[in-house]
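Asks: 3D model of this:
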Amino acid sequence: MKKSRVTLTDIAKALNISASTVSRALKDHPAINKETKRAVVKLAKKLKYQPNLLALGLLQKKTYTVGVIVPEITGHFFSTVITGIRDVLSPAGYNIAICLSNESFQEEIAITEKMAKTQIDGVLVSPASSTKTYKHFKALQKNGIPLVVFDRDCPGLDADKVLVDDYDGAFQAVEYLINSGCKNIAHLSGPMNLSITEHRLQGYLDALGKHKFPVKQENVIHVSGFTHEDGIKPAQKLLKLKNRPDAIFAMNDCIAISAMHVAKKMGLQIPGDVSIIGFDDEPHSSYFTPALSTIWQPVYSVGMLSARILLSKLQEGEEEPELRREVFKPELIIRASSKAV
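Replies: Below you'll find the model as predicted:
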């Protein structure tokens with residue numbers, strides 16, 4: 001016969017107190033005296049009491065689940081962000097439901113619709129590369145579901161946001177290449193409509209402009225995605241130019257490593273013939289030969305802060321805070337794939 005779950009009522013009857021007193025004692029409520037708290041906690045441990053989260057959720061109109069929507073999960077960036085999110089929400093009693101949009105706008109819409117129907121408590125999202133409008137996010141907000149956007153901005157959407165200063169990171173990388181003596185600097189840029197693509201491209205252009213370098217249209221090529229495969233043909237196109245670049249700033253480390261692979265196959269020396277700098281500081285980047293120069297960003301902190309902001313909105317009795325826009329500063333990491341200044 002299946003053993004029944006120990007309830008608050010069971011503990012209350014054993015101690016001859018009310019179930020509400022037991023509940024408040026387990027929550028360390030200041031109105032309950034210390035002796036009662038000790039007795040309740042001791043008996044709860046003895047009986048191996050576990051709170052019924054489903055019943056608690058129904059009572060408080062909460063599911064204690066937060067949705068996390070990300071474009072992918074195989075890379076270091078989003079897996080680390082999710083770890084940061086979990087490390088904040090789990091101790092607070094929340095589960096996380098991870099959903100992959102696979103860079104699809106339609107899939108992202110379908111996910112948000114399902115989340116609204118399951119009455120999820122809050123949503124953390126990094127939008128897909130194909131996302132251009134935000135009606136589906138606004139629909140969540142209209143349903144009373146708080147939303148925090150991280151990594152990739154949604155311009156014009158009123159929501160809490162946790163971002164990295166992509167412009168500054170790109171500017172640092174390109175200015176370093178200039179200061180190291182590079183004269184013809186190319187950029188392997190990201191998918192067209194992403195905020196991070198726009199900001200990193202603008203950082204590249206402004207660094208060139210500051211040092212009065214000409215902007216060559218053929219030196220900027222947009223990749224279709226963020227994998228190694230996505231970078232091969234664009235890198236080949238750049239390195240086969242008649243006026244071949246002597247430096248490449250890549251959208252991310254995967255694309256930068258693709259450029260290194262192509263350069264080596266063409267017999268080019270790195271950084272003698274071409275300096276290469278990436279963006280993200282993936283863990284494996286320092287183990288390539290030569291080790292990849294890159295832009296480090298505080299990925300784990302992005303996840304933690306995003307979760308903390310959402311958690312502040314989920315806390316009972318807290319006044320609605322103003323929208324927050326937090327921007328982390330990245331850092332240039334110089335390794336062997338770029339010339340020394």
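
Asks: burial count for Ala307?
Replies: 29 (other Cβ atoms under 10 Å). No exception for glycine: its C-beta is placed from N, CA and C like everyone else's.

Asks: ok, Ala336 next?
Replies: Close neighbours of Ala336, defined as other Cβ under 10 Å, add up to 15.

Asks: that one is in contact with Tyr287, isn't it?
Replies: No: if you go by Cβ atoms under 8 Å, Ala336 and Tyr287 don't touch, sitting 11.5 Å apart.

Asks: which parts of this structure belong to which domain?
Replies: Listed domain ranges for the chain are 8-51, 63-163+299-327, 166-297 (source: automatic domain parsing).

Asks: shaky segments in the stretch 1-150 of the chain?
Replies: 1-4, 51-61 (pLDDT under 70).

Asks: how about a markdown table for the domains of the chain, with distance to Ala340 added?
Replies: Supplementary listing: the domains of the chain in a markdown table, determined by distance: least, Cβ to Cβ, whole Å:
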| stretch | distance to Ala340 |
| --- | --- |
| domain 8-51 | 57 |
| domain 63-163+299-327 | 26 |
| domain 166-297 | 7 |
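
Asks: which element is Cys99 on?
Replies: Assigning secondary structure by DSSP states H and E places Cys99 in strand 95-100.

Asks: can you give the strand pairings for that strand, parallel or anti for each?
Replies: Sheet partners assigned to strand 95-100 using DSSP bridges are listed as strand 65-70 (parallel).

Asks: check which element follows the strand it pairs with along the chain.
Replies: Scanning onward from strand 65-70 (DSSP H and E), the first element met is helix 76-89.

Asks: so how far is that following helix off the chain centroid?
Replies: Shown here is helix 76-89, whose average C-alpha point lies 7 Å from the average C-alpha point of the whole chain (Cα atoms, centre = their mean, to the nearest Å).

Asks: if you count neighbours, what's buried in it?
Replies: His76, Phe77, Phe78, Thr80, Val81, Ile82, Gly84, Ile85, Arg86, Val88, Leu89 (16 or more other Cβ atoms under 10 Å).

Asks: same thing with stretch 267-274?
Replies: Buried residues in stretch 267-274, counted by 16+ other Cβ under 10 Å: Leu268, Ile270, Pro271, Val274.

Asks: which pLDDT value belongs to Glu319?
Replies: Model confidence at Glu319, given as pLDDT, is 54.

Asks: name the residues linked to the residue lying closest to Ile120 once chain neighbours are set aside by a beta bridge.
Replies: In space, and not counting its chain neighbours, Ile120 is closest to Gly67: 4.7 Å by Cβ to Cβ, 6 or more residues apart in numbering. According to DSSP bridges, the partner residues bridging Gly67 are Ala97, Val123.

Asks: is it true that Gly67 touches Cys99?
Replies: Yes: at 6.3 Å, Gly67 counts as touching Cys99 under the criterion of Cβ under 8 Å.

Asks: so for these two, which sits in the more crowded spot?
Replies: Neighbours were tallied for Gly67 and for Cys99 using other Cβ under 10 Å; the higher tally belongs to Gly67 (24 against 20).

Asks: how about Ser224, secondary structure?
Replies: The three-state label given to Ser224 by DSSP: H, G, I helix; E, B strand; the rest coil is coil.

Asks: the strands in the stretch 101-250 of the chain, which residues?
Replies: If DSSP state E, counting those that start in this stretch is used as the criterion, the strands of the stretch 101-250 of the chain fall at 122-125, 147-150, 160-164, 185-189, 220-222, 247-250.

Asks: now do the third one: which elements does it pack against?
Replies: Helices and strands in packing contact with strand 160-164 are listed as strand 147-150, helix 299-314, strand 325-328; criterion 3 or more Cβ pairs under 8 Å, 6 or more residues apart in numbering; DSSP states H and E.
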